[in-house]
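S.K.: Predicted model follows, preceded by the sequence.
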Amino acid sequence: MALPEVVSREDWTAARTKLLAAEKEATRARDALNAERRRLPMVRIDKEYRLEGPDGPAGLADLFGDRRQLIVQHVMFDPAWDAACPGCTAGIDELASGMLEHLRSRDTEYVLVSRAPLDKLGGYQASRGWTVPWYSSYGSDFNYDFQATVTPDQPVYNYQEQPEMVADTGASEEVPGMSCFLRDGGEIYHTYSTWARGTDILGSSYSMLDLTALGRQEEWEEPKGRAPRPHGADPSFSD
């Protein structure tokens, strides 16, 4: 087994101090990137999407509940499958109720959307003990419009043409991702989507909020003026 080198306490402190400087640089770069992400333009959603949820038919606005922001996790679950993707399943298993409450305290709802019919989603959800809201986009354009399903006609994944993904079978391919939306009055806007390694932020409410237009809504964040009530550095996530 190749373990790290064994050194004196002084040498370890010197190495750790050098690494700390690199860590701080990475943190500052991440903060700047998050601010740049929040400066992205957004797209008004004009299409009416009809999904099915635990309370019946739902439009995109219904997924927000009474909150201003929405994060959708695109869960890989083809209508022909009997179970969701194992990787997506592992990520959802890590979603704690406390983390979801932290998101909601920042005016942000979090839901799952898959293309499988609602009865399959409900059965699988019950078997896993999940409580996060899960909606079916079966029969709608939602997955296709937000590139959560790659097709031979639209072989786009992670903003690149990738026809090889569907070349062998000629069938559609489900892909994992996350999309963020903002509601302003009666209008809904698509602000951000991320795929591939961009979904590694699952498991941290702060990291997920970094993907949104309003961010974590703390006093120090840029750009200013996004949140009506900026929050202080309160670990309870309360006002």
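M.R.: Everything's here; your move. Everything numeric here is computed off the predicted structure, so don't read it as measured data.

S.K.: From here on, just use CA atoms for contacts and neighbour counts.
M.R.: Will do.

S.K.: Could you look up the SS state of the residue most central in space within the chain?
M.R.: Nearest to the geometric centre of the chain sits M178, at 3.5 Å (CA atoms, centre = their mean). Secondary structure state of M178, per DSSP: H, G, I helix; E, B strand; the rest coil, is strand.

S.K.: Would you map the strands across the chain?
M.R.: Along the chain, the segments classed as strands by DSSP state E run 43-44, 51-53, 56-58, 69-74, 108-114, 134-136, 149-150, 156-157, 160-161, 173-174, 177-184, 187-195.

S.K.: any residues touching the longest one, and which ones?
M.R.: Contacting residues not belonging to strand 187-195 are listed as 40-45, 61, 157-158, 176-183, 211-213 [CA atoms under 8 Å, 6 or more residues apart in numbering].

S.K.: Any quick ChimeraX command for the buried ones out of those residues?
M.R.: Per 16 or more other CA atoms under 10 Å, the buried members of the contacts of strand 187-195 correspond to this ChimeraX selection:
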select :61,157,176,177,178,179,180,181,182,183,211,212,213
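
S.K.: quick one: low-confidence parts of the chain?
M.R.: Counting by pLDDT under 70, the chain contains low-confidence residues at 232-239.

S.K.: In the helix ranked longest in it, which residues are buried?
M.R.: Longest among the helix segments of the chain by residue count, using DSSP state H, is helix 9-38. By neighbour count on 16+ other CA under 10 Å, the buried set for helix 9-38 is N34, A35, R37, R38.

S.K.: List the contacts of the second one.
M.R.: In other words, A35. Residues in contact with A35, defined by CA under 8 Å, 6+ apart, are E221, E222, P223.

S.K.: how many neighbours does L103 have?
M.R.: Neighbours of L103 under the rule other CA atoms under 10 Å: 23.

S.K.: And for M208?
M.R.: The local packing of M208 (other CA under 10 Å) involves 20 other residues.

S.K.: do you know how far it is from A21?
M.R.: M208 sits 25 Å away from A21, going by CA to CA, to the nearest Å.

S.K.: again with T194
M.R.: Distance from T194 to A21, counting by CA to CA: 29 Å.

S.K.: how about the strands of the chain in JSON lines, adding distance to G87?
M.R.: Below are the strands of the chain laid out as JSON lines (distance: least, CA to CA, whole Å):
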{"stretch": "strand 43-44", "distance to G87": "30"}
{"stretch": "strand 51-53", "distance to G87": "23"}
{"stretch": "strand 56-58", "distance to G87": "27"}
{"stretch": "strand 69-74", "distance to G87": "12"}
{"stretch": "strand 108-114", "distance to G87": "14"}
{"stretch": "strand 134-136", "distance to G87": "17"}
{"stretch": "strand 149-150", "distance to G87": "16"}
{"stretch": "strand 156-157", "distance to G87": "17"}
{"stretch": "strand 160-161", "distance to G87": "22"}
{"stretch": "strand 173-174", "distance to G87": "12"}
{"stretch": "strand 177-184", "distance to G87": "12"}
{"stretch": "strand 187-195", "distance to G87": "13"}
